[in-house]
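*Asks:* Generate a structure from the sequence data that follows.
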Amino acid sequence: MQNKKIILFYKNISSVGGAEVLLFKHYDYLINQGFDVKVVCFKFSEVDRLNINKEDIVDIKSSSFIFSMVGLIRILFKIKPTHSFCHSGYLNFGFAALITNSPYSTFVHHPTTMSFNETDKLSFFYFNKYKKFAKKDHMYKKILQLKKNYSLAKMIYINLRAPISQFLLRRSKKIFVLSNYAVEEKKKIFNIKSQFECGAIANNMLTSHLQPEPYSVNKTLNFVTLSRLDENKRIDLIIRSMKHLKNHGYDFSLKIGGTGPDADNLKSIVKEEGLSKHVDFLGYVPESEIKSLYKNMDLFITIDWADFRITTYEILKYNKKIIVSDDTEIDNFLLDSGYLIYSESNAESLFQNIIKHINSNILCSNQSLEEYLENFTWNSYFKSINKHVEISI
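*Replies:* Alright, predicted model coming up:
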């Protein structure tokens, strides 16, 4: 019997982040389950952590939007997939699927209320619902300011695009999001039903069985943050919190991994705060070096504007403590375990929480942590995804 055909669509693959890792893990799972999988995109560049067989990559390679769409429509007609999953570019893929009458599901990686780039919420159709839902959020005022600065032409475009965008999203058999917060947001702002599922790790076995110990005097504290360097990640606040540590006499090192458009600005802040001896910009960190980076740190700090992040669970496998922003959705087990705490997104609060966390004790056993992490393995995640869309070999 011929294997069932699956298409994974990702608009442009040019760098690696959480969404790209999710794409590869999805591909890897489906291949291992015996599906015939093609990864289709408008642009593909080989990047670390995305080990996709070249014969399974369909790179449309067109600088023209129209020719890219024609190419995508042709591919759907040719392959006739049992089901497709759109990981990025749902407006493009949704239109092509409409033309070809192809069944598909969509992954929405980022809540609309936690994004400067997603603009459907600013349209006449959804703006009042967005305001009611998000007015207490940290970034609400900044998004309103962006809206005020948009030109008339930009606002006309947003209002024309939004109903089309949401119509195509609604055509998905399933819409997968990464938190209960995102489910509620989709329902209250767009009146769309979505499904919460999340995965983050290859298996649930701890890399290290040595639990973190509280801070001791005369120890150099090693902090790490690893992400794309853009304003959504709020790395500037992490840097400014380090100035408070310096002023209070702590010996520390902050390693910042990643590349992105905010790199030069962040380096300027380091100089401005007199932290050049304490902060090291690593640039892109290859997969082969990440294990050593995590193993030798005392605390991972990630206060980016997001409801879910893969790195949180990857780091738990190394038995390390983590600080996340209070935008993050975390269950009671982690909050009670001693491994993770929230911080408000300002430098003073983050400094205080760093001090609190490095002096705290771990309150759960290794066995309890391993059992918890079982819920976040890729196999468990994609098994649930397949069940929701009702596909099997």
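
*Asks:* got any ranges where the stretch 101-250 of the chain has weak pLDDT?
*Replies:* Within the stretch 101-250 of the chain, the stretches with pLDDT under 70 are 136, 138.

*Asks:* what are the ranges of the helices in it?
*Replies:* Using DSSP state H, counting those that start in this stretch, the helices of the stretch 101-250 of the chain run over 127-134, 140-149, 152-170, 180-190, 235-247.

*Asks:* Could I get the buried residue list for the third one?
*Replies:* The one in question is helix 152-170. 158-159, 162, 165-166, 168-169 (16 or more other C-beta atoms under 10 Å). In this view, the C-beta of every residue, glycine as well, is placed from N, C-alpha and C.

*Asks:* Quick one: the helices in the stretch 251-393 of the chain, in order.
*Replies:* 263-272, 287-295, 310-316, 332-337, 347-358, 366-373, 378-389.

*Asks:* So which of the ones you listed is the most surrounded?
*Replies:* Of the helices of the stretch 251-393 of the chain, the one with the most neighbours on average (mean count of other C-beta atoms under 10 Å) is helix 310-316, at a mean of 22.

*Asks:* quick one: the nearest residue to Leu76 once chain neighbours are set aside from Ile60, how far?
*Replies:* Spatial nearest neighbour of Leu76, excluding adjacent residues (C-beta to C-beta, 6 or more residues apart in numbering): Thr100 at 4.1 Å. Distance, Thr100 to Ile60, by C-beta to C-beta, to the nearest Å: 15 Å.

*Asks:* Lys219 now?
*Replies:* For Lys219, the distance to Ile60 - C-beta to C-beta - is 53 Å.

*Asks:* of the two, who's got more company?
*Replies:* Taking neighbours as other C-beta atoms under 10 Å, Lys219 and Ile60 compare with Ile60 leading, 17 against 13.

*Asks:* how about the more buried one, what does it touch?
*Replies:* Residues in contact with Ile60 (C-beta atoms under 8 Å, 6 or more residues apart in numbering) are 40-42, 68, 71-72, 75.

*Asks:* same thing but at 10 Å, please
*Replies:* By C-beta atoms under 10 Å, 6 or more residues apart in numbering, the contact list for Ile60 reads 40-44, 67-72, 74-75.

*Asks:* could you flag which of those residues are buried?
*Replies:* 40-42, 44, 68-69, 71-72, 75.

*Asks:* Lowest-confidence entry in those?
*Replies:* In terms of pLDDT, the weakest of the buried ones among the contacts of Ile60 is Phe44, which scores 88.

*Asks:* My guess is the residue nearest to Leu76 contacts Gly94. True?
*Replies:* No - using C-beta atoms under 10 Å, Thr100 is not in contact with Gly94; the gap is 11.1 Å.

*Asks:* Compare these two (neighbour count), which wins?
*Replies:* Higher neighbour count among Thr100 and Gly94: Gly94, with 23 against 19, using other C-beta under 10 Å.

*Asks:* coming back round to it: mind checking which of the helices of the stretch 101-250 of the chain is nearest Ser115?
*Replies:* Ser115 sits nearest to helix 140-149 of all these, at 8.7 Å, using C-beta to C-beta.

*Asks:* buried stuff in that closest one?
*Replies:* 143-144.

*Asks:* Taking helix 152-170 as reference, get the angle to that helix.
*Replies:* Computed by axes from the mean of the first three to the mean of the last three C-alpha atoms, to 10 degrees, the angle separating helix 140-149 from helix 152-170 equals 120 degrees.

*Asks:* list the helices and strands helix 140-149 packs on?
*Replies:* Using 3 or more C-beta pairs under 10 Å, 6 or more residues apart in numbering; DSSP states H and E, the elements in contact with helix 140-149 are helix 127-134, helix 152-170.

*Asks:* can you rerun that using 7 Å?
*Replies:* For helix 140-149, the contact count by 3 or more C-beta pairs under 7 Å, 6 or more residues apart in numbering; DSSP states H and E identifies no helix or strand as a packing neighbour.

*Asks:* now it: how far from the chain's centre is it?
*Replies:* 23 Å (C-alpha atoms, centre = their mean, to the nearest Å).

*Asks:* Measure how it sits relative to helix 127-134, angle-wise.
*Replies:* 160 degrees.

*Asks:* which outside residues touch helix 140-149?
*Replies:* 116, 122, 134 (C-beta atoms under 7 Å, 6 or more residues apart in numbering).

*Asks:* which residues does Ser194 contact?
*Replies:* 175-177, 182-183, 186 are the contacts of Ser194 under C-beta under 7 Å, 6+ apart.

*Asks:* List just the nearest of those residues to Phe252.
*Replies:* For the contacts of Ser194, the nearest to Phe252 is Ala182 (34.5 Å; C-beta to C-beta).

*Asks:* Go ahead and confirm the closest one touches His110.
*Replies:* No - assessed by C-beta atoms under 7 Å, Ala182 is found out of contact with His110, at 8.4 Å.
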